[in-house]
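In: structural data only, the sequence is not supplied:
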């Protein structure tokens, strides 16, 4: 990526984050009372600092946990398949070989999902959905399926003319060690930190943009 394109992406993220200002303040107040784990939105606490100073009644915290857990059990019933794959072509749905093929794929997909961290991260995303009205569950395949719930304060979303989300801007920190493990070319600053920082714990911020190709 050219320096100009990188600068354009950084400027885009900063502009959209600025336009989120009112929402971010509201999310901060909501997180303080209902979801302390995600209250790093406007007010940043130090690692190990108590995040529950604002909470005098834990009802909202417990109920948001209960609702997320209930949604997870209803959407993904334990021990049961919660979706099935099939062809859109109705003429092929009753062909025995094709039915067996899609049944096998469905079985394998469930096995891979439940062997991953899917359920753990899904519950976090559902809780974000309960508390803030939106959630962000990222998935990718490395040596296996990997899922990651991103906190409400780390991203901005765009919708197309039909109201469907088609663009995501995500900003998140990685240590020099994590960035080196994640990217083939993490950049000179990261490479220098790997050489100079014995703990390799210096943090850098990265922006990930997913959007339609031009």
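Out: On my side now, so go ahead. Keep in mind that this is a model prediction, so the values were computed, not measured.
In: okay, CA-based contacts and neighbour counts for the rest of this
Out: Fine.
In: enumerate the positions of the longest helix anywhere in the chain that are buried.
Out: When the chain is parsed with DSSP state H, its longest helix is helix 96-115. Within helix 96-115, the residues scored as buried using 16 or more other C-alpha atoms under 10 Å are 102, 106, 109-110.
In: now that helix: how far from the chain's centre is it?
Out: Here the centre of helix 96-115 is set off from its chain's centre by 26 Å, with C-alpha atoms, centre = their mean, to the nearest Å.
In: from here on, count from 56
Out: Done: numbering now begins at 56, and the last item shifts to helix 151-170.
In: which residues touch it?
Out: The contact list for helix 151-170 (C-alpha atoms under 8 Å, 6 or more residues apart in numbering) reads 136, 138-141, 147-148, 199-200.
In: now do that helix, average pLDDT.
Out: The pLDDT scores in helix 151-170 average 94.
In: where along the protein do the strands fall?
Out: Taking DSSP state E, the strands of the chain run over residues 192-196, 200-204, 210-214, 220-230, 258-265.
In: quick check: which of those is nearest to residue 58?
Out: Taking C-alpha to C-alpha, strand 258-265 is the member of those nearest to residue 58, at 13.9 Å.
In: now that closest one against strand 210-214, angle please.
Out: Here the directions of strand 258-265 and strand 210-214 differ by 10 degrees (axes from the mean of the first three to the mean of the last three C-alpha atoms, to 10 degrees).
In: which parts of strand 258-265 are buried?
Out: Residues of strand 258-265 classed as buried: 258, 264 (neighbour count, 16+ other C-alpha under 10 Å).
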